[in-house]
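Chemist: Just the structure for this:
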Amino acid sequence: MKILVTGGAGFIGSHLVRKLLSAGEQVTVLDNFSTGSRANLPEAEGLACIEMDVNDPKLAGVFTAGQFDAVVHLAGQTTVHISMESPELDGHENIIGSIHVLEQAKRTHVQRVIFASTAASYGDVAEEKLPIVESEPLRPLSFYGLSKVTVEHYLRLYQQAFGLDFVILRFANVYGERQGNGGEGGVISIFAKRLAQGKDITIYGDGEQTRDFIYAGDIAAGIYAALYTKHVNHAYNLSSQTETSLKKLVSIFADVSGRAIEPIYKEARQGDIYKSMLANGRARRSLDWAPAVSLHEGLRRTYDYFAQQ
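Modeler: Residues are numbered from 1 along each chain as shown. Got it, this is the predicted structure:
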């Protein structure tokens, strides 16, 4: 399959590209390198890399030349607090950029678009409704979450109007090697990097807030499954379906790093969800996917990666 991965030189993209290449796919990465890096990508046959923003008018030429079978759309602004500080930037990168990708996919008869959505689409859901299922109403608390929900609606209407198939993947908090400091799940990379440097770590809030942490390699496997599933035009949560508090996260890091950790506590940040856990039953059934890497093992890999930098 000929696959375009927008944002493919980013954190999740770097894991996905390795998965696709190992499966023998023909991969083209398109990235503006604002947060991604060529160093994240392997040197491999079957991999092409184009430096370009999805809002660049030359995107049309990439699609015309590529004649892609599928597009995995990862490119975008991924940080909640930046979206709250600059809704216009967030909307331009995440909504307008996505429309450009969909227009070119429609024009060149791409068979399927895989879209990276987010747990932030659901907003702050009552504890009794955890784990969150895909039918839960979407009530984002941040402009980042709102932009992802908006693109989900665009995907559904493109399918109805033009027959462009899609799979929406709502990621829980993704972590792993090559992660930057921003974006969802970035708390793990921030903690890992600071601990590897012998520095203190800061928790914003009381430490009892929870997240559903999912290893990036498991996300890559889920995206690969979405490329081939017969169950298209649906949204799927990709998650561990496990609720982990930040205090618990610190205790696992203490075990992995072999050091005592006393975090610094500061006031919670605007737009941050307090508790989150996503149900993954639909992905298990329809994508034949399940997370394979435990949080302890994933944190060990992540900590070791930053310790070696």
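
Chemist: ranges for the strands of the stretch 201-309 of the chain?
Modeler: Per DSSP state E, counting those that start in this stretch, the stretch 201-309 of the chain carries strands over the ranges 202-204, 210-211, 213-215, 234-238, 244-245, 264-266.

Chemist: For those, state which one has the densest average packing.
Modeler: strand 213-215 (a mean of 27; mean count of other C-beta atoms under 10 Å). From N, CA and C alone the C-beta is placed, and that goes for glycine too.

Chemist: Okay, now the sheet partners of that one, with direction.
Modeler: Neighbouring strands of strand 213-215 in its sheet, by DSSP bridges, are strand 173-175 (parallel).

Chemist: Same list (the strands of the stretch 201-309 of the chain) but as a markdown table, adding distance to Asn40 and mean pLDDT.
Modeler: A markdown table is the format used below for the strands of the stretch 201-309 of the chain (distance: least, C-beta to C-beta, whole Å; pLDDT from 0 to 100):
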| stretch | distance to Asn40 | mean pLDDT |
| --- | --- | --- |
| strand 202-204 | 26 | 94 |
| strand 210-211 | 23 | 93 |
| strand 213-215 | 16 | 97 |
| strand 234-238 | 20 | 98 |
| strand 244-245 | 26 | 97 |
| strand 264-266 | 30 | 96 |
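
Chemist: Out of those, which is closest to Ile273?
Modeler: Checking those against Ile273 by C-beta to C-beta gives strand 210-211 as the closest, at 8.3 Å.

Chemist: Other residues contacting that closest one?
Modeler: 172-173, 185, 187, 243-246, 249, 274-277 (C-beta atoms under 8 Å, 6 or more residues apart in numbering).

Chemist: same question, stretch 11-29
Modeler: For stretch 11-29, with C-beta under 8 Å, 6+ apart as the criterion, the contacting residues are 1-5, 7-9, 31, 36, 40-42, 44, 46-50, 62, 66, 68, 72, 74, 116, 171, 174, 176-180, 183, 216-217, 219-221, 223-224.

Chemist: Got a quick ChimeraX command for the buried subset of the residues you listed?
Modeler: To isolate the buried members of these in ChimeraX, using 16 or more other C-beta atoms under 10 Å:
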select :3,4,5,7,8,9,31,36,40,41,47,49,50,62,66,68,72,74,116,171,174,176,177,178,179,180,183,216,217,219,220,221,223,224
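
Chemist: among the contacts of stretch 11-29, which are in helices?
Modeler: 62, 66, 216-217, 219-221, 223-224 (DSSP state H).

Chemist: Of those, which is the nearest to His153?
Modeler: Ile223 (21.0 Å).

Chemist: which ones are touching that closest one?
Modeler: Contacts of Ile223 (C-beta under 8 Å, 6+ apart): 16, 19, 72, 114, 169.

Chemist: Secondary structure of Glu136: a helix, I assume?
Modeler: No: counting by DSSP: H, G, I helix; E, B strand; the rest coil, Glu136 falls outside a helix, being coil.

Chemist: separation between it and Leu238?
Modeler: 15 Å (C-beta to C-beta, to the nearest Å).

Chemist: Which residue is the nearest non-sequential neighbour of the residue located most distally from the centre of the chain?
Modeler: Going by C-alpha atoms, centre = their mean, the residue of the chain most distant from its centre is Ala260, 30.6 Å out. Spatial nearest neighbour of Ala260, excluding adjacent residues (C-beta to C-beta, 6 or more residues apart in numbering): Ala254 at 6.3 Å.

Chemist: Number of residues surrounding that neighbour?
Modeler: 14 (other C-beta atoms under 10 Å).

Chemist: Please apply the same query to Ala283.
Modeler: Ala283, neighbours per other C-beta under 10 Å, totals 28.

Chemist: Check Ser294 too.
Modeler: 13.

Chemist: Kindly report the same for the one 4 residues further on.
Modeler: Counted with other C-beta under 10 Å, the burial measure for Gly298 works out to 25 neighbours.

Chemist: Now do the contacts for the closest residue to it other than its chain neighbours.
Modeler: Excluding the flanking residues, the one nearest Gly298 by C-beta to C-beta, 6+ apart is Tyr215, at 3.9 Å. Contact partners of Tyr215, counting by C-beta under 8 Å, 6+ apart, are 174-176, 291, 293, 295, 297-298, 301.
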